[in-house]
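In: pasted the sequence and its predicted model underneath.
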Amino acid sequence: MLSMSTNNLSYSDQGGTDSAVEVGQETTPTSSNAGAGFGLFSVDFKKNEDLKEMLESNKESLKLEAMKRVVGLIAKGKNASELFPAVVKNVASKNIELKKLVYVYLVRYAEEQQDLALLSISTFQRALKDPNQLIRASALRVLSSIRVPIIVPIMMLAIKEAASDMSPYVRKTSAHAIQKLYSLDQDQKELLIEVIEKLLKDKSTLVAGSVVMAFEEVCPDRIDLIHKNYRKLCNLLVDVEEWGQVVIISMLTRYARTQFTNPWKEEGVFDERNERAFYESDEEKTRDETEAKPYMMDPDHRLLLRNTKPLLQSRNTAVVMSVAQLYWHLAPKNEVSIITKSLVRLLRSHREVQYIVLQNIATMSIQRKGMFEPYMKSFYVRSTDATHIKSLKLEILTSLANEANISTILREFQTYVKSQDKQFAAGTIQAIGRCATNISEVTDTCLNGLVLLLSNRDETVVAESVVVIRKLLQIQPTQHSDIIKHMAQLFDNITVPMARASILWLMGEYCERVPKIAPDVLRKMAKSFTSEEDIVKLQTVNLAAKLYLTNSKQTKLLTQYILNLGKYDQNYDIRDRTRFIRQLIVPNDKNGALSKYAHRILLAPKPAPVLESAYKDRDRYQLGTLSHTINTKASGYLELSDWPAVAPDQSVRNVEVIEPEWAPSLGKTGKSKPAKSSDDKFYSDSGEEEEEKGSGSSSSEDGSSSSSEESGSDAESHVQKNSSQSSEESDKSSSQSEKSSSESDSEKKERKTKTPLQKKTVKPTAKDSRYLMKRAGPTSPKQHTKTIFVNVINQHSVLQTFSYSHWSTLCVSLFTQLCPLSLAFPLQVSGPAFVPEKSHDLLHRMTGKGLSAQYQFPRQPCLYQPTMVSVQISLTNTTDHPLEQIHIGDRSPTGLNMHCFNTIECLEPEASVTVFMGIDFNDSTQAANFQLCTKEDHFSVSIQPAIGELLLPITMTELDFRKEKGKLLGMNESSATITMAAENMTSQPISRPVATVANLGVVPSSQGNVHRFAGKTASSRAVVLVTVELRESSTALITINTEKSVMGSMLLRDLKLALAQA
Amino acid sequence: MQFPAKMIHSLFLVNSSGDIFLEKHWKSVVSRSVCDYFFEAQERASEPENVPPVIPTPHHYLISVLRHRIYFVAVIQSEVPPLFVIEFLHRVVDTFQDYFGVCTEAAIKDNVVVVYELLEEMLDNGFPLATESNILKELIKPPTILRTVVNTITGSTNVGEQLPTGQLSVVPWRRTGVKYTNNEAYFDVVEEIDAIIDKSGSTITAEIQGVIDACVKLTGMPDLTLSFMNPRLLDDVSFHPCVRFKRWEAERILSFIPPDGNFRLLSYHVSCQNLVAIPVYVKHNITFREGSSQGRFELTLGPKQTMGKGLEAVLISSQLPRGVLNTNLNPSQGTYNFDPVTKLLSWDVGKINPQKLPSLKGSMSLQAGASKPDENPTINIQFKIQQSALSGLKVNRLDMYGEKYKPFKGIKYMTKAGKFQVRT
């Protein structure tokens, strides 16, 4: 009740009436009888309570309905966090849709409810081992999306494991998870880079894009990781999914700029009017002289260009754009033009696509107008274009204008000037101005055209024309007094401040050409000075000063009047200017020196303004990037480096095609020797670190340093020595050999062989586990968080013991660190203590048309697969004719992992046969349904295992038992006190009923009244520990410790039943 | 410190009245107040289309697309190719349309759970995961009335339990185990003509763009080849990923294993050397007289070089100047409509009969005292010509390999007006 009322309060505090109304609307279907006058808040409260009830109900459909409504709330941005406990309970639901919706909820709110979110973790850990790859992948997706720092180690383990999953889809998911983990905890960088390195070697096209994305995010500077994968990436590119293509292409663009030499140097002078290109080629020329060798394109460079070219035909605009930018930045100048057509094609796409493509074309067309000139008409403006599209097209048309096409363009511009979109019309006027300055033949024509526009009715058009005319007049000031006069006449009608200011400036600048008019304009301005805009006031002061100098007789008084007005103006700029001008032009005793030069200062010839494109210097950003679009450096933008002067070693990209898994490093040394000398020379020449990274020898340094960093222990160096001994002997100084040895070494690491590796990676993981414990210890006061960590460790340790090859070495040594003793006494599966003879009916002879089948659990470890439970089936033919081809048909759930018995060709009448099969129940008591088929018929049958049959007994010492039990406290422990029958009070009868119920091994006990049993689950190999402690008055305490808490409680129920009965 | 993560952070759906009606976050939650910058830009823009697609804000970048009068606003935290985001957002819209038939605010709100499930599958951590419609449909089945009913009764779900077969195969666009009783493959060659015609009726620019849309319902794994009579017409092409590019380069033959169902096989551009025959002409006389509150409006349409095929579904629209208060026009056929608020004139002409040319004549009343508009309105024309591809592109033959049955094949041609404008 308390929480209820606070809940209410907080809602009314927020006072969001409209949210309350909306909430009210939502509730109408469920609680229609709640009177509106009753108060919306209580309705709201009721609604959440209602959802909570639905979520806690037993009916799947109700739960699903509730989750759908919760997702609706999330979608609207409403707060649904208070439902967290109710929702999180359903995380292990069997209904896949419900589960997915719970995932959606979890990812949204886990950050806010960290403690509760941890409750769900074990479900995901379990799902990570699911045989269904989709479930494994989605578990990893959600686990890594829960932004709770405390689970970082768990995520790390999961990622590492998933990175070597069988399914490429799961590996792809792990690449995504890398980025999520990195943004959660940057300290994991080094470990993550290892995973990235591993995934980069993956040959699946599904993984390539995602891992490169992770690379770009986590370690974009580790170019050295790319070398070996460069050719593979180039070759896979066409088959990678389109989004991956974009990412890979942009990464390869950066890579190529650091690894290849400039292909533009041979081309010399272009026919473009472009200083930049000239500049670059000049630079190259000087370099050419020193080197004096012809440019040869690196075959790898060519490979990249060749393999990206088909992607210009992609239907994905982002792919086309990324190829276009790659060609722009990497291809020889004469090849760039192949991108033109494709870019123009993109203009047919959506408005937003057009916008970005046009921006990039605008930048390109400034440098190389030849590329787009044939497509000029594609940039003609339509009246239906959006304003920003129009102005971009205008921009491009202006850049494309030359002597040949200017008349066509100007004719087109004339239409635009008349556009109803006045902003666009103003833009066109500026464009005309630019054309006029760039192409001297048309300057006069343009000027005349603009003057005509001065009589336009629209103010913005006139204002823009005035400004542009002013700029043009500055460029060609001679014999244009007519225009100035005309503008003076218009002055009264123009109200736009910028235009007025421009006219005033023109008057002042060319006052000698219009000696009669200028003073008159000044007179008018003196009248209206106080009501003008600041910019106009400033120009009025300027005009006054200039006139005072040239025509002081007429304007002396006017000037003084204006200066006086300006002196008391509200704007300090104007007051400053006035003061300055007064000192400059009005001669007095103090400042005679300066006023001598007043004429020269004020009426100095001024350089004409340059009208240039806004896209002039956008090429400093890589094309196609966000930074290019917004013309500022976006966060996370990676500069495109300049071409290196000398190409770094090419051989780093060489990959040995066939590499036996345990190839002796000797074999490679001979081959790579020649490369070595060039390496050395190169390194002695340049001291740049970045380039060094790209080379073979440094990568070997990298490799060894990273491995020594990892190991540090004697064992490691010993192993390394062993493997590289032969090569070192043959050529001790050869960096290449060292490299290959360290390489094969790292390969071995990947192979995860058991013995050497356990020793080898002790160090880093020790660090890691310390970290883990530290995190788990002080930072989490909650009991259950701690246990979760213990869980992980525990689980992994068990897995290791059974040499479950998928587990990474990390957990191996984790285990070693935590319980070194256990290694000495590995938990061994023992024989069953007791085999129940009870057999169950699988198929009755009546339903089976004469075929009867019975099954029982022989409690033997399954031969087919360790995770399976073996089932013994006896088939009997009760008919009078032989049954043929008895076999197993369809099964459900479809993902059920089952080892079927071989088809029985023929079963004679009255004969019976016993067969074995293995079923992976996946640690649940869910029945395995399948079809038992004969030649003619098929019968649906099901095997429902008792919980105890899903276990395998293990032997352990009492010490080990206690240790294990110590790790499985808290929510992993379930216990109950029962009253026992008197005959059960001795040791023998206790172990018997327990063994009947569950397949557990007896642990020798030193205490007479405490009986211990140990086992592990068949599928996930989680330890299950059972303790029965006999107490006075024939009561007993049963305690079960296992991380599979559901199994624990089920087992407890069975045991209670068995012991109490007996 | 939160490291600025790449790719798409969040998505907001904003309707035309500026309300956020759906939000989805792929990483930590970004407050919806970030959209205030978007609303500002929306207010500044005179038309909905004029909102800039990329808006920088102090901590984020907003990249938006406008489709079906809904803004899809993606929140980005750091450098990412903007087209990447834009293309993705358009795919989202296409997917919604594919699933719900329409992409409206109401449809999205009604199917909010499916929308959420889709968005969850399409993007992982802001990076596109599954955008191929075939794959998505195996993961999440599109809602149909029948299925909704069945689901409520049986409690089954719309969500697939298995990884779609396409995800892992070399042909991710096609699922395995496709079965049809009637095997059929239809191809629609649709060409659009974009043109600007000037006042005097001469063509300023005209170009033809085409697409081949396919509807393929074939059993198994058919391997199709499609060849043209005149492949040289195709100047620039872009393919569905299923088309084998090498084969096209070498032989100019489209060879592909098709996706199941509807897809766009090819889009192409017809080389500009070929002069485009404009199929329609417009005679117009639109005048405003200075000082008069009346304007004249006359429009006559006629067919031109249509190779005997009739012009259908002709629709004229024109944005009249702001000064026009109302119109009093008389169409010889069809219906016309003038919206005095948006000043949009539209005339649904229908079919053009060459014997009796359609015309629209009458007067416009102008605001009293206002000066005459500078510019005459531009006329936009839409039309269709059935059974003809304007460029003359012809499919030669369609062959199927890899399967034994005989499919039914069909090819249809059509020409439409794209952005067809007449300046007056």
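Out: Great, that's in hand. The structure displayed is predicted, hence computed values, not measured ones.
In: use CA for all of it now, contacts and neighbours both
Out: OK.
In: low-confidence stretches in the chain?
Out: In the absence of a named chain, chain A is used. A:1-47, A:266-294, A:477-479, A:588-593, A:656-837, A:863, A:892-895, A:981-989, A:1061-1062 (pLDDT under 70).
In: sorry, I should have been clearer: chain B.
Out: B:1-6, B:144-170, B:272-274, B:305-307, B:369-371, B:374.
In: which residues of it fall in helices?
Out: B:35-44, B:82-100, B:105-110, B:112-122, B:133-139, B:145-154, B:165-168, B:245-251 (DSSP state H).
In: closest to chain A out of those?
Out: Closest of these to chain A is helix B:82-100, at 4.9 Å (criterion: C-alpha to the nearest C-alpha).
In: give me the contact list for the closest one.
Out: Helix B:82-100 is contacted by residues A:243, A:246, A:316-319, A:321, A:352-353, A:356, A:624-626, A:629, B:7-8, B:54, B:63-65, B:67, B:72, B:74, B:102-103, B:107-108, B:115, B:119, B:128, B:131, B:133, B:142-143 when judged by C-alpha atoms under 8 Å, 6 or more residues apart in numbering or on different chains.
In: picking up where we left off before, let's have the helices of chain B in CSV, adding mean neighbour count.
Out: Formatted as CSV, those follow (neighbours: other C-alpha atoms under 10 Å in any protein chain shown):
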stretch, mean neighbour count
helix B:35-44, 16
helix B:82-100, 21
helix B:105-110, 15
helix B:112-122, 21
helix B:133-139, 20
helix B:145-154, 12
helix B:165-168, 18
helix B:245-251, 13
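In: tell me which residues of stretch B:276-292 come out buried.
Out: Neighbour-count burial for stretch B:276-292, counted by 16 or more other C-alpha atoms under 10 Å in any protein chain shown, picks out B:276-284, B:286-288.
In: now, which of the residues you listed lie within strands?
Out: B:280-284, B:286-288 (DSSP state E).
In: how about the residues of the stretch 401-550 of chain A near chain B?
Out: Residues of the stretch 401-550 of chain A lying close to chain B by C-alpha under 8 Å from any C-alpha of the partner chain are A:418-420.
In: ok, of these, which one's closest to chain B?
Out: A:K418 (5.4 Å).
In: and that closest one, how far from A:D458?
Out: Noted for A:K418: a distance of 10 Å to A:D458, by C-alpha to C-alpha, to the nearest Å.
In: among those two, which residue is more densely surrounded?
Out: Remark: of A:K418 and A:D458, A:K418 carries more neighbours, 20 against 13, as counted by other C-alpha atoms under 10 Å in any protein chain shown.
In: these two touch, right, the more buried one and B:E375?
Out: Yes - in this structure, A:K418 is within contact of B:E375 by C-alpha atoms under 8 Å, at 5.4 Å.
In: counting by contacts, list what the host helix or strand of A:R962 packs against.
Out: Taking DSSP states H and E as the definition, A:R962 sits inside helix A:958-967. Helices and strands touching helix A:958-967, as assessed by 3 or more C-alpha pairs under 8 Å, 6 or more residues apart in numbering or on different chains; DSSP states H and E, comprise helix A:783-801.
In: quick one: residues contacting A:K616.
Out: By C-alpha under 8 Å, 6+ apart, A:K616 lies in contact with A:363, A:366.
In: nearest to chain A: which residue in the stretch 101-250 of chain B?
Out: For the stretch 101-250 of chain B, C-alpha to the nearest C-alpha, closest residue to chain A: B:S238, 4.2 Å.
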